[in-house]
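A.B. asks: here is my input; please provide its structure:
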Amino acid sequence: MQNGAPKRKHTRLALLVSAAMLAAALPVYADNQQKIEDSRQKIEENKEELSRIEGEKAQLEEKLQELSALKSDAAAYISKLDKELSDLGDQITDLSNQMTAKNAEIETTQAELAAAQAQEAEQYASMKLRIKYMYEEGNTNFLDLLLEAESLSDMLNRAEYIQKVSEYDRRKLEEFVQIREQIAATELRLEQEYAELDLMKQETEAKQDSVEALQADKQKELASYNAQIEDANADIADMQANIAGIQDAIRAEENQIAAIEAEIRRQEEEAKKKAQQQGQSYETKSLGSISFTWPCPASGRITSAYGGRSSPTEGASSNHQGIDIGAPTGSAVVAAASGSVVIATYSASAGNYVMINHGGGVYTVYMHMNSIGVSVGQSVSQGQQIGTVGSTGYSTGPHLHFGIRNNGSYINPSAYVSP
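C.D. replies: Residues are numbered from 1 along each chain as shown. Below is the predicted model:
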C-alpha cells in the first residue's frame, strides 16, 4: 500500500497538470481556430466576389468583342459610303459637264435657228416684193417682156426664165421653212435632253445628300462604339485591378491561415514534449485513427455531394466543400466524433454553424443549423447533440451541411462516414 500510494499521487498530479495545461491552452487554441475560420470565411467571400467580378469581366469582354465587331462593320460601311459618295460625285461632275455641253449645243442651235429664221424672213420679203410688183403692174410687164422677144426662141427663153424665178422663190421659201422647222425640232430635243440631264443631276444630288446623311449617322455610331469600347476597356482594367486586389487578399488570408495552423501545430508539439517530459503519454491522433458516426440520425439522404456543382442559390459555393443531408427542420445534429468545440457562431453564408476539433489537425463542420446547442471550449462526445437542422445562411431548404477538414483542407466526408 505504501509503495502504491506515491505512484497514485504522482499520477493524479500529472493528470491535474495536464488538465491545467489543457484548460490554459484551450482559450488560445479556440481563439486561433476562430481566426482560422474567420479567415476561411473571408477567403470564401473573396472567392465569391472574385467569381462575380470575373463573370462581369467575361460579360464585358464579350460585349467588347461585339462592339469591336460592330465597329468593324460600321467602319466597313462608312468606307462603302465613302466609295459611293465618290462615285456619285463623279456622276454629278459628268452630268454637269454633259449639261454644259448640251447647253452649248442649245445655244448653237438657237443661233442657227435665228439665222434660218432671218433667211426665211429675207426670202419671204423678196418674194412678197416680186408678188406685189406683179400684182401692181398686172401681167403687162410679163407680156411686154414676152412681146419684146426678138424671136420665138427668145420668147420661150423669157417665159422659162419667168417660170424659173417663180419656182425658185417658192422652192427657197419651202427650204427655209423646212430648215426652220428642223432647227426648232432640234432645239426642242436638246432642251428635253437638258431637262432630263438636269433631273438626273437633281436625283444624283439628292442621293448624295442621303448618303452623306447616312455617313454622318454612321460616323456618330462609330464614335459611340469607340466611346463604349473605351469605357469597357476602362471597366475591364478596373475589374482586373479589383481581381488582383482580391487575389492578394486571398493570398494574405491563406498565408495567415497557414501561420495560425503552424502555430497550432507548434503548440501541439510543445504540449506533446511537456507531456513526455512529465512522463505522460500523449495520444497522437490522425484522420485514419478517428471513427466517425453519421451526423444526422433522422436522415441519410444526401441532396448535394462533395465537389463541383451548379450553385443552388445566389452566394452559395459552386465548389462544394462537404455534403448536404436533407432533413426536416428541428432534426437532431450530433457530433460525428468526440472533441472540443472551437467555433459556435453565425455567419451570413454558413448560417448557424459549429466546428469541432478532434485533434491531429482533424475538424468537423456543421452548417445551416436552426439552433446551436453547444458553446466554444465545450467538450463533446461522439453522438452528442450539438444543434438542430435548419436553413440559415445561404440555403435553399432545411438541410445539414457536413464537412471534414484535415490539415487545413476540406476532404470528401463520404470517404469516411455513411448513414
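A.B. asks: report the separation between D87 and D94.
C.D. replies: Distance of D87 to D94, given as CB to CB, to the nearest Å: 10 Å. (Glycine included, C-beta is placed from N, CA and C.)
A.B. asks: again with S224
C.D. replies: Applying CB to CB, the value for S224 to D94 is 36 Å.
A.B. asks: likewise G377?
C.D. replies: For G377, the distance to D94 (CB to CB) stands at 98 Å.
A.B. asks: do E191 as well
C.D. replies: Distance of E191 to D94, given as CB to CB: 20 Å.
A.B. asks: so Q110 versus A337, what's the distance?
C.D. replies: In terms of CB to CB, Q110 sits 118 Å off from A337.
A.B. asks: more neighbours: which of these two?
C.D. replies: In this view Q110 and A337 are compared by other CB atoms under 10 Å, and A337 has more residues nearby, 23 against 16.
A.B. asks: mind checking the SS state of the more buried one?
C.D. replies: With DSSP: H, G, I helix; E, B strand; the rest coil as the basis, A337 sits in coil.
A.B. asks: for it, give me its contacts.
C.D. replies: I290, S291, F292, T293, I356, H358, T364, Q382 (CB atoms under 8 Å, 6 or more residues apart in numbering).
A.B. asks: would you turn those residues into TSV with neighbour count, distance to A332 and secondary structure?
C.D. replies: Output for these, formatted as TSV (neighbours: other CB atoms under 10 Å; distance: CB to CB, whole Å; DSSP: H, G, I helix; E, B strand; the rest coil):
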residue	neighbour count	distance to A332	secondary structure
I290	20	21	coil
S291	10	20	coil
F292	19	16	coil
T293	12	12	coil
I356	25	15	strand
H358	24	20	strand
T364	25	15	strand
Q382	15	14	coil
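A.B. asks: from those residues, which single one is nearest D238?
C.D. replies: Distance to D238, by CB to CB, is smallest for T364 among these, at 40.9 Å.
A.B. asks: any idea of the pLDDT on the closest one?
C.D. replies: pLDDT, T364: 93.
A.B. asks: I figured it hits A336, correct?
C.D. replies: Yes: judged on CB atoms under 8 Å, T364 makes contact with A336 at a distance of 4.9 Å.
A.B. asks: common neighbours of those two, please.
C.D. replies: Taking CB under 8 Å, 6+ apart as the contact criterion, the common neighbours of T364 and A336 are F292, P295, I356, F402, I404.
A.B. asks: for A332, see how far away the fourth one is.
C.D. replies: The reference is to F402. Distance, F402 to A332, using CB to CB: 13 Å.
A.B. asks: the more surrounded of these two?
C.D. replies: Each of F402 and A332 has its neighbours counted (other CB under 10 Å); F402 has more, 24 against 18.
A.B. asks: does that one belong to a helix, a strand or coil?
C.D. replies: strand.
A.B. asks: contacts only, for the closest residue to it other than its chain neighbours.
C.D. replies: The shortest distance from F402 to any non-neighbouring residue, by CB to CB, 6 or more residues apart in numbering, is to P295 (5.0 Å). Applying CB under 8 Å, 6+ apart, one finds that P295 lies in contact with I325, V333, V334, A335, A336, T364, Y366, L400, F402, V417.
A.B. asks: name the nearest of the residues you listed relative to E54.
C.D. replies: Checking the contacts of P295 against E54 with CB to CB, the nearest one is F402 at 29.1 Å.
A.B. asks: so who does that closest one touch?
C.D. replies: Shown in contact with F402 (CB under 8 Å, 6+ apart): P295, C296, G322, I323, D324, I325, A336, T364, V365, Y366, M367, P413.
A.B. asks: change it to 7 Å
C.D. replies: By CB atoms under 7 Å, 6 or more residues apart in numbering, F402 lies in contact with P295, G322, I323, I325, Y366, P413.
A.B. asks: I'd like these written out as JSON lines, with distance to I302 and secondary structure added.
C.D. replies: Listed next are the contacts of F402 as JSON lines, based on distance: CB to CB, whole Å; DSSP: H, G, I helix; E, B strand; the rest coil:
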{"residue": "P295", "distance to I302": "12", "secondary structure": "coil"}
{"residue": "G322", "distance to I302": "10", "secondary structure": "coil"}
{"residue": "I323", "distance to I302": "5", "secondary structure": "strand"}
{"residue": "I325", "distance to I302": "6", "secondary structure": "strand"}
{"residue": "Y366", "distance to I302": "15", "secondary structure": "strand"}
{"residue": "P413", "distance to I302": "10", "secondary structure": "helix"}
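A.B. asks: name the element Q98 belongs to?
C.D. replies: Using DSSP states H and E, Q98 sits within helix 4-137.
A.B. asks: was I right to think E56 contacts M239?
C.D. replies: Yes: counting by CB atoms under 7 Å, E56 touches M239, with 6.5 Å between them.
A.B. asks: in terms of neighbours, single out the busier of these two.
C.D. replies: Comparing E56 with M239 by other CB under 10 Å, the one with more neighbours is M239, at 17 against 14.
A.B. asks: center of the protein - which residue?
C.D. replies: Closest residue to the average C-alpha location of the chain: K63 at 1.3 Å, with CA atoms, centre = their mean.
A.B. asks: how far away is it from M239?
C.D. replies: Distance from K63 to M239, by CB to CB: 13 Å.
A.B. asks: swap in I386?
C.D. replies: Taking CB to CB, one finds I386 at 42 Å from M239.
A.B. asks: on that earlier part again, rebuild the shared contacts of T364 and A336 as JSON lines, extending it with distance to K272 and pLDDT.
C.D. replies: As requested, the shared contacts of T364 and A336 are arranged in JSON lines below (distance: CB to CB, whole Å; pLDDT from 0 to 100):
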{"residue": "F292", "distance to K272": "24", "pLDDT": "95"}
{"residue": "P295", "distance to K272": "29", "pLDDT": "97"}
{"residue": "I356", "distance to K272": "21", "pLDDT": "92"}
{"residue": "F402", "distance to K272": "29", "pLDDT": "95"}
{"residue": "I404", "distance to K272": "23", "pLDDT": "94"}
